[in-house]
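Colleague: can't give you the sequence, but here's the structure:
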Ligand SMILES: [Zn+2]
């Protein structure tokens with residue numbers, strides 16, 4: 001591996017979900033996923049904290065390992081707030097549920113979508129099954145009318 005000899009990257013904690021235990025660091029060129037387990041030391045970073053980390057490849061893309069907090073941002077009530085890309089207001093995204101599953105989070109001010117959540121596997125399977133049945137019925141229908 002030799003990871004400890006790799007040059008460290010610097011970035012800023014874009015968002016860290018303390019309740020979920022993960023977040024993203026922006027290096028200026030891209031975002032790196034990090035888990036609370038990848039943080040060196042006992043302190044947790046707040047949004048906007050400067051950090052140093054090793055770049056690794058995670059399951060879902062670029063990830064950060066050995067995250068060292070260089071300069072933390074003082075925690076305050078703005079902690080979990082993000083800037084809405086639609087209305088540019090600081091807000092806490094509101095999660096919208098559909099049939100008990102989180103669908104997306106929206107800005108409470110303008111209602112703009114902040115983040116879409118990936119579909120759960122059960123829904124993907126249901127969609128594929130629906131397409132297969134649809135194609136089967138369509139082929140039967142075409143066979144019927146072309147007789
Ligand atoms: Zn907004």
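Modeller: Great, that's in hand. It should be emphasised that the depicted structure is a prediction, and the values quoted were computed from it without experimental measurement.
Colleague: Given the helix or strand that residue 95 is a member of, what are its sheet partners and their directions?
Modeller: For residue 95, the host element (DSSP states H and E) is strand 94-98. Strand pairing for strand 94-98, determined by DSSP bridges: strand 101-106 (antiparallel).
Colleague: List the buried residues for the helix or strand containing residue 68?
Modeller: Per DSSP H and E: residue 68 is located in strand 61-71. Burial within strand 61-71, assessed by neighbour count using 16 or more other C-beta atoms under 10 Å, is assigned to 62-67, 69. Any C-beta I mention is one placed from the backbone N, CA and C, and that applies to glycine too.
Colleague: what residues does the chain put near the ion?
Modeller: Neighbours of the ion within the chain, by C-beta under 5 Å from the ion: 84, 86-87, 107, 109-110, 112.
Colleague: mind putting those residues in JSON lines, neighbour count and distance to residue 55 included?
Modeller: Converted to JSON lines, the residues of the chain next to the ion look like this (neighbours: other C-beta atoms under 10 Å; distance: C-beta to C-beta, whole Å):
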{"residue": "84", "neighbour count": "20", "distance to residue 55": "29"}
{"residue": "86", "neighbour count": "15", "distance to residue 55": "31"}
{"residue": "87", "neighbour count": "12", "distance to residue 55": "33"}
{"residue": "107", "neighbour count": "21", "distance to residue 55": "31"}
{"residue": "109", "neighbour count": "13", "distance to residue 55": "35"}
{"residue": "110", "neighbour count": "12", "distance to residue 55": "35"}
{"residue": "112", "neighbour count": "14", "distance to residue 55": "31"}
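Colleague: JSON lines for the buried residues of strand 61-71, including pLDDT and distance to residue 35?
Modeller: Putting the buried residues of strand 61-71 into JSON lines (pLDDT from 0 to 100; distance: C-beta to C-beta, whole Å) gives the following:
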{"residue": "62", "pLDDT": "95", "distance to residue 35": "13"}
{"residue": "63", "pLDDT": "96", "distance to residue 35": "8"}
{"residue": "64", "pLDDT": "97", "distance to residue 35": "9"}
{"residue": "65", "pLDDT": "95", "distance to residue 35": "9"}
{"residue": "66", "pLDDT": "96", "distance to residue 35": "12"}
{"residue": "67", "pLDDT": "96", "distance to residue 35": "9"}
{"residue": "69", "pLDDT": "94", "distance to residue 35": "15"}
